[in-house]
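> Fold the following, please.
(one chain, ligands or ions: 1)
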Amino acid sequence: MSDFEVILYEKKDDKGYITLNRPKFLNAYNIKMRDELFEALSAAKDDPEVAVIILKAAGEKAFCAGADLSEFLTAPPPVAARQVRFERDVWGLFLSIQKPIICALHGYVLGSGIEMAMCCDIRVASEDAKFGVPEMGLGIIPAAGGSQTIPRIVGRGYAMEMLLSGRWITSAEAKKIKMVNRVVARAELLPTVEKLADTIRGYNLDALEYAKRAIVDGLDLPLPQGLELEARLGNLLLF
Ligand code: COA
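This next block holds a predicted model:
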(Lines give C-alpha, C1' and ligand atoms only; values in the text may rest on other atoms or scores of the structure.)
Protein backbone atom coordinates (compact mmCIF):
# COMPACT_ATOMS: atom_id res chain seq x y z
CA MET A 1 0.00 0.00 0.00
CA SER A 2 1.26 3.52 -0.73
CA ASP A 3 1.05 6.87 0.99
CA PHE A 4 0.25 8.79 -2.16
CA GLU A 5 -2.51 11.43 -2.05
CA VAL A 6 -4.25 11.24 -5.41
CA ILE A 7 -3.41 7.74 -6.54
CA LEU A 8 -3.11 4.36 -4.85
CA TYR A 9 -0.37 1.87 -5.55
CA GLU A 10 -0.76 -1.71 -4.39
CA LYS A 11 0.83 -5.04 -5.22
CA LYS A 12 -0.87 -8.43 -5.17
CA ASP A 13 0.08 -11.76 -6.78
CA ASP A 14 2.64 -10.29 -9.22
CA LYS A 15 0.23 -7.53 -10.20
CA GLY A 16 0.88 -3.82 -9.62
CA TYR A 17 -2.36 -1.87 -9.23
CA ILE A 18 -2.33 1.85 -9.89
CA THR A 19 -5.63 3.54 -9.04
CA LEU A 20 -6.41 7.16 -9.94
CA ASN A 21 -7.95 8.40 -6.72
CA ARG A 22 -9.58 11.83 -6.94
CA PRO A 23 -13.15 10.63 -7.42
CA LYS A 24 -14.65 13.88 -6.12
CA PHE A 25 -13.07 15.64 -9.11
CA LEU A 26 -13.72 12.79 -11.52
CA ASN A 27 -10.04 11.83 -11.24
CA ALA A 28 -8.99 14.92 -13.19
CA TYR A 29 -5.28 14.76 -13.95
CA ASN A 30 -3.42 17.39 -11.94
CA ILE A 31 0.26 18.10 -11.26
CA LYS A 32 0.15 16.03 -8.09
CA MET A 33 -1.24 13.10 -10.05
CA ARG A 34 1.48 13.48 -12.64
CA ASP A 35 4.17 13.37 -9.93
CA GLU A 36 2.62 10.43 -8.11
CA LEU A 37 2.00 8.48 -11.31
CA PHE A 38 5.61 9.03 -12.25
CA GLU A 39 6.73 7.51 -8.96
CA ALA A 40 4.30 4.59 -9.03
CA LEU A 41 5.03 3.75 -12.67
CA SER A 42 8.78 3.91 -12.01
CA ALA A 43 8.35 1.59 -9.03
CA ALA A 44 6.22 -0.89 -10.98
CA LYS A 45 8.59 -0.76 -13.95
CA ASP A 46 11.63 -1.72 -11.87
CA ASP A 47 10.00 -4.11 -9.39
CA PRO A 48 10.77 -7.76 -10.18
CA GLU A 49 7.70 -8.73 -8.12
CA VAL A 50 5.42 -6.94 -10.60
CA ALA A 51 4.76 -8.87 -13.81
CA VAL A 52 1.68 -6.98 -15.02
CA ILE A 53 0.42 -3.48 -14.29
CA ILE A 54 -3.28 -2.69 -13.90
CA LEU A 55 -4.43 0.93 -14.25
CA LYS A 56 -7.89 1.70 -12.89
CA ALA A 57 -9.78 4.51 -11.22
CA ALA A 58 -11.80 5.06 -8.05
CA GLY A 59 -15.36 6.31 -7.84
CA GLU A 60 -18.51 5.57 -9.79
CA LYS A 61 -18.49 8.34 -12.39
CA ALA A 62 -15.16 8.50 -14.14
CA PHE A 63 -11.90 6.92 -15.07
CA CYS A 64 -10.54 10.43 -15.66
CA ALA A 65 -12.25 13.64 -16.83
CA GLY A 66 -9.06 14.99 -18.41
CA ALA A 67 -6.60 17.62 -17.31
CA ASP A 68 -7.53 19.50 -14.15
CA LEU A 69 -9.15 22.61 -15.50
CA SER A 70 -8.59 24.51 -12.25
CA GLU A 71 -4.85 24.25 -12.90
CA PHE A 72 -5.26 25.02 -16.56
CA LEU A 73 -4.88 28.78 -16.26
CA THR A 74 -2.23 28.60 -13.57
CA ALA A 75 0.10 26.34 -15.53
CA PRO A 76 3.81 27.20 -15.33
CA PRO A 77 5.30 29.25 -18.16
CA PRO A 78 6.32 27.20 -21.22
CA VAL A 79 10.06 27.09 -20.44
CA ALA A 80 9.47 25.80 -16.92
CA ALA A 81 6.83 23.38 -18.21
CA ARG A 82 9.26 22.02 -20.79
CA GLN A 83 11.92 21.50 -18.13
CA VAL A 84 9.46 19.68 -15.87
CA ARG A 85 8.30 17.58 -18.80
CA PHE A 86 11.91 16.67 -19.53
CA GLU A 87 12.46 15.63 -15.93
CA ARG A 88 9.12 13.93 -15.38
CA ASP A 89 7.87 12.70 -18.71
CA VAL A 90 5.05 10.48 -17.49
CA TRP A 91 3.93 9.65 -21.02
CA GLY A 92 7.45 8.71 -22.10
CA LEU A 93 7.72 6.59 -18.96
CA PHE A 94 4.39 4.87 -19.66
CA LEU A 95 5.52 3.99 -23.18
CA SER A 96 8.95 2.83 -22.03
CA ILE A 97 7.55 0.13 -19.73
CA GLN A 98 8.22 -3.33 -21.15
CA LYS A 99 5.71 -5.07 -18.90
CA PRO A 100 2.11 -5.50 -20.02
CA ILE A 101 -0.20 -2.72 -18.84
CA ILE A 102 -3.96 -3.33 -18.77
CA CYS A 103 -6.47 -0.60 -18.02
CA ALA A 104 -10.00 -0.75 -16.67
CA LEU A 105 -12.07 2.13 -18.05
CA HIS A 106 -15.41 3.29 -16.71
CA GLY A 107 -17.54 6.42 -16.82
CA TYR A 108 -15.93 9.52 -18.31
CA VAL A 109 -12.70 8.82 -20.17
CA LEU A 110 -11.79 12.26 -21.47
CA GLY A 111 -8.67 14.09 -22.65
CA SER A 112 -5.68 12.87 -20.64
CA GLY A 113 -7.92 9.98 -19.54
CA ILE A 114 -8.01 8.63 -23.11
CA GLU A 115 -4.35 9.45 -23.54
CA MET A 116 -3.42 7.43 -20.44
CA ALA A 117 -5.52 4.55 -21.74
CA MET A 118 -3.74 4.74 -25.11
CA CYS A 119 -0.41 4.23 -23.31
CA CYS A 120 -1.70 0.89 -22.02
CA ASP A 121 -1.50 -2.36 -23.96
CA ILE A 122 -4.96 -3.83 -23.41
CA ARG A 123 -8.04 -1.71 -22.74
CA VAL A 124 -11.18 -3.09 -21.13
CA ALA A 125 -14.17 -0.77 -20.74
CA SER A 126 -17.46 -1.03 -18.90
CA GLU A 127 -20.73 -0.45 -20.73
CA ASP A 128 -21.15 3.00 -19.14
CA ALA A 129 -17.84 4.40 -20.43
CA LYS A 130 -17.85 7.55 -22.58
CA PHE A 131 -14.82 8.64 -24.53
CA GLY A 132 -13.96 12.11 -25.77
CA VAL A 133 -11.10 14.42 -26.66
CA PRO A 134 -12.39 17.85 -25.61
CA GLU A 135 -9.15 19.76 -26.24
CA MET A 136 -10.39 21.57 -29.39
CA GLY A 137 -13.15 23.20 -27.35
CA LEU A 138 -10.49 24.63 -25.06
CA GLY A 139 -8.39 25.91 -27.96
CA ILE A 140 -5.56 23.47 -27.31
CA ILE A 141 -4.33 20.20 -28.76
CA PRO A 142 -3.66 16.98 -26.84
CA ALA A 143 -0.46 17.22 -24.80
CA ALA A 144 -0.08 13.68 -23.55
CA GLY A 145 0.65 11.99 -26.84
CA GLY A 146 -2.98 11.66 -27.97
CA SER A 147 -2.42 13.06 -31.45
CA GLN A 148 0.12 10.26 -32.00
CA THR A 149 -1.22 7.35 -29.98
CA ILE A 150 -4.94 7.61 -30.90
CA PRO A 151 -4.41 7.39 -34.70
CA ARG A 152 -1.96 4.52 -34.23
CA ILE A 153 -4.72 2.59 -32.45
CA VAL A 154 -7.95 3.61 -34.17
CA GLY A 155 -6.57 4.82 -37.51
CA ARG A 156 -6.51 8.24 -39.10
CA GLY A 157 -10.18 8.79 -39.85
CA TYR A 158 -11.65 8.15 -36.40
CA ALA A 159 -8.72 9.94 -34.73
CA MET A 160 -9.36 12.97 -36.92
CA GLU A 161 -13.07 12.97 -36.12
CA MET A 162 -12.56 12.59 -32.37
CA LEU A 163 -9.83 15.24 -32.17
CA LEU A 164 -11.22 17.76 -34.64
CA SER A 165 -14.93 17.57 -33.78
CA GLY A 166 -14.63 16.66 -30.10
CA ARG A 167 -17.51 14.18 -30.53
CA TRP A 168 -17.83 11.75 -27.63
CA ILE A 169 -18.39 8.08 -28.26
CA THR A 170 -19.90 5.26 -26.20
CA SER A 171 -18.03 2.13 -25.23
CA ALA A 172 -19.91 0.21 -27.94
CA GLU A 173 -18.53 2.58 -30.59
CA ALA A 174 -15.10 2.55 -28.92
CA LYS A 175 -15.11 -1.23 -29.31
CA LYS A 176 -16.20 -0.95 -32.93
CA ILE A 177 -13.29 1.36 -33.80
CA LYS A 178 -10.88 -0.81 -31.75
CA MET A 179 -10.18 1.90 -29.20
CA VAL A 180 -10.95 -0.74 -26.54
CA ASN A 181 -10.52 -4.49 -26.71
CA ARG A 182 -13.59 -5.51 -24.71
CA VAL A 183 -16.73 -4.05 -23.21
CA VAL A 184 -18.19 -5.68 -20.11
CA ALA A 185 -20.80 -4.92 -17.45
CA ARG A 186 -19.56 -2.51 -14.79
CA ALA A 187 -19.50 -5.25 -12.14
CA GLU A 188 -17.36 -7.40 -14.42
CA LEU A 189 -14.77 -4.72 -15.21
CA LEU A 190 -12.14 -5.41 -12.57
CA PRO A 191 -12.68 -9.19 -12.51
CA THR A 192 -12.20 -9.29 -16.31
CA VAL A 193 -9.01 -7.24 -16.13
CA GLU A 194 -7.68 -9.32 -13.24
CA LYS A 195 -8.43 -12.55 -15.06
CA LEU A 196 -6.48 -11.33 -18.08
CA ALA A 197 -3.62 -10.20 -15.84
CA ASP A 198 -3.59 -13.55 -14.04
CA THR A 199 -3.27 -15.41 -17.33
CA ILE A 200 -0.47 -13.12 -18.50
CA ARG A 201 1.52 -13.18 -15.26
CA GLY A 202 1.89 -16.95 -15.53
CA TYR A 203 4.04 -16.66 -18.66
CA ASN A 204 7.79 -16.30 -19.00
CA LEU A 205 8.57 -12.66 -18.18
CA ASP A 206 11.28 -12.34 -20.84
CA ALA A 207 8.93 -13.75 -23.48
CA LEU A 208 6.30 -11.20 -22.45
CA GLU A 209 8.80 -8.36 -22.66
CA TYR A 210 10.09 -9.42 -26.07
CA ALA A 211 6.60 -9.96 -27.45
CA LYS A 212 5.62 -6.46 -26.36
CA ARG A 213 8.80 -5.00 -27.83
CA ALA A 214 8.31 -6.87 -31.09
CA ILE A 215 4.79 -5.44 -31.46
CA VAL A 216 5.47 -1.89 -30.25
CA ASP A 217 8.81 -1.34 -32.00
CA GLY A 218 7.78 -3.40 -35.01
CA LEU A 219 4.78 -1.18 -35.74
CA ASP A 220 7.16 1.68 -36.52
CA LEU A 221 9.29 -0.47 -38.87
CA PRO A 222 8.86 -1.68 -42.45
CA LEU A 223 7.88 -5.39 -42.49
CA PRO A 224 11.35 -6.81 -43.41
CA GLN A 225 12.96 -4.96 -40.50
CA GLY A 226 10.09 -5.93 -38.23
CA LEU A 227 10.72 -9.57 -39.10
CA GLU A 228 14.42 -9.11 -38.33
CA LEU A 229 13.50 -7.61 -34.98
CA GLU A 230 11.25 -10.57 -34.21
CA ALA A 231 14.01 -13.04 -35.13
CA ARG A 232 16.53 -11.18 -33.00
CA LEU A 233 14.26 -11.12 -29.97
CA GLY A 234 13.27 -14.74 -30.51
CA ASN A 235 16.94 -15.74 -30.51
CA LEU A 236 17.51 -13.91 -27.25
CA LEU A 237 15.03 -16.30 -25.65
CA LEU A 238 16.77 -19.36 -27.02
CA PHE A 239 20.39 -18.57 -26.22
N1 COA B 1 -10.82 19.47 -13.95
C2 COA B 1 -11.12 19.85 -12.68
N3 COA B 1 -12.25 19.51 -12.06
C4 COA B 1 -13.13 18.74 -12.74
C5 COA B 1 -12.88 18.30 -14.05
C6 COA B 1 -11.67 18.69 -14.66
N7 COA B 1 -11.34 18.30 -15.88
N8 COA B 1 -13.93 17.56 -14.47
C9 COA B 1 -14.80 17.54 -13.44
N10 COA B 1 -14.32 18.25 -12.41
C11 COA B 1 -14.96 18.48 -11.11
C12 COA B 1 -16.11 19.45 -11.23
O13 COA B 1 -15.64 20.79 -11.18
C14 COA B 1 -16.94 19.08 -10.02
O15 COA B 1 -16.34 19.64 -8.88
P16 COA B 1 -17.29 20.41 -7.78
O17 COA B 1 -18.20 19.33 -7.27
O18 COA B 1 -16.31 20.91 -6.77
O19 COA B 1 -18.02 21.46 -8.54
C20 COA B 1 -16.74 17.57 -9.92
O21 COA B 1 -15.54 17.28 -10.65
C22 COA B 1 -17.88 16.77 -10.54
O23 COA B 1 -18.04 17.22 -11.86
P24 COA B 1 -19.45 17.71 -12.47
O25 COA B 1 -19.15 18.62 -13.62
O26 COA B 1 -20.32 18.21 -11.39
O27 COA B 1 -20.02 16.32 -12.99
P28 COA B 1 -21.07 16.13 -14.17
O29 COA B 1 -21.46 14.69 -14.14
O30 COA B 1 -22.15 17.14 -14.09
O31 COA B 1 -20.25 16.43 -15.53
C32 COA B 1 -18.41 16.21 -17.06
C33 COA B 1 -19.21 15.58 -15.91
C34 COA B 1 -17.22 15.28 -17.34
C35 COA B 1 -19.30 16.32 -18.31
C36 COA B 1 -17.92 17.61 -16.66
O37 COA B 1 -17.36 17.54 -15.35
C38 COA B 1 -16.89 18.18 -17.59
O39 COA B 1 -17.22 18.62 -18.68
N40 COA B 1 -15.61 18.20 -17.16
C41 COA B 1 -14.53 18.79 -17.91
C42 COA B 1 -14.06 17.88 -19.04
C43 COA B 1 -12.92 18.52 -19.76
O44 COA B 1 -13.09 19.42 -20.55
N45 COA B 1 -11.68 18.05 -19.45
C46 COA B 1 -10.49 18.67 -19.94
C47 COA B 1 -9.94 17.91 -21.09
S48 COA B 1 -8.49 18.68 -21.73
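> all helices for the chain, in order.
Applying DSSP state H to the chain gives helices spanning 31-46, 69-72, 78-87, 90-96, 112-118, 146-154, 156-165, 171-176, 189-201, 205-218, 223-238.
> Double-check residue 18 against residue 38; I have them as touching.
No: using C-beta atoms under 8 Å, residue 18 makes no contact with residue 38, being 11.1 Å away. Every residue, glycine included, has its C-beta placed from N, CA and C.
> Who has more neighbours out of those two?
residue 18 (25 against 16; other C-beta atoms under 10 Å).
> and that one, bridged to which residues?
In this entry, residue 18 is beta-bridged to residue 9, residue 55, by DSSP bridges.
> Roughly how far does it sit from the ligand?
19 Å (C-beta to the nearest ligand atom, to the nearest Å).
> Can you give me the pLDDT of that residue?
The score at residue 18 is 98. That number is its pLDDT.
> now swap in residue 3 and tell me
Residue 3 is given a pLDDT of 85.
> Equivalent analysis for residue 187, please.
Taking residue 187 on its own, its pLDDT is 98.
> Count the neighbours of it for me.
Count around residue 187 with other C-beta under 10 Å applied: 9.
> Check residue 178 too.
12.
> now do the one 10 residues further on
Neighbourhood size, residue 188 [other C-beta under 10 Å]: 15.
> Residue 113 now?
Residue 113, neighbours per other C-beta under 10 Å, totals 30.
> which non-adjacent residue is nearest it?
residue 64 (3.1 Å; C-beta to C-beta, 6 or more residues apart in numbering).
> any idea which helix or strand of the chain has the worst average confidence?
When the helices and strands of the chain are scored by mean pLDDT, DSSP states H and E, helix 78-87 comes last with a mean of 59.
> most neighbours per residue, which of the helices of the chain?
Sort the helices of the chain by mean neighbour count, taking mean count of other C-beta atoms under 10 Å, and helix 112-118 sits at the top with a mean of 28.
> So what's the gap between that helix and the chain middle?
Relative to the centre of its chain, helix 112-118 is centred 5 Å away, using C-alpha atoms, centre = their mean, to the nearest Å.
> Quick check: mean pLDDT of it?
For helix 112-118, mean pLDDT rounds to 97.
> Give the other helices and strands that that helix contacts.
In this structure, helix 112-118 packs against strand 62-64, strand 101-105, helix 146-154, with contacts taken as 3 or more C-beta pairs under 8 Å, 6 or more residues apart in numbering; DSSP states H and E.
> what's in contact with that helix?
Contacts to helix 112-118, defined as C-beta atoms under 8 Å, 6 or more residues apart in numbering, come from residues 27, 29, 55, 62-67, 91, 94, 103, 105, 109, 123, 131-133, 142-146, 149-150, 153, 179-180.
> related to what we said a few turns ago, ok, which of the helices of the chain comes nearest the ligand?
Nearest to the ligand among these is helix 69-72 (3.8 Å), distances taken as C-beta to the nearest ligand atom.
> can you give me the mean pLDDT across that closest one?
86.
> do stretch 155-170 as well
98.
> Farthest from the middle of the protein: give me that residue.
Distance from the C-alpha centroid of the chain peaks at residue 239, with 32.8 Å (C-alpha atoms, centre = their mean).
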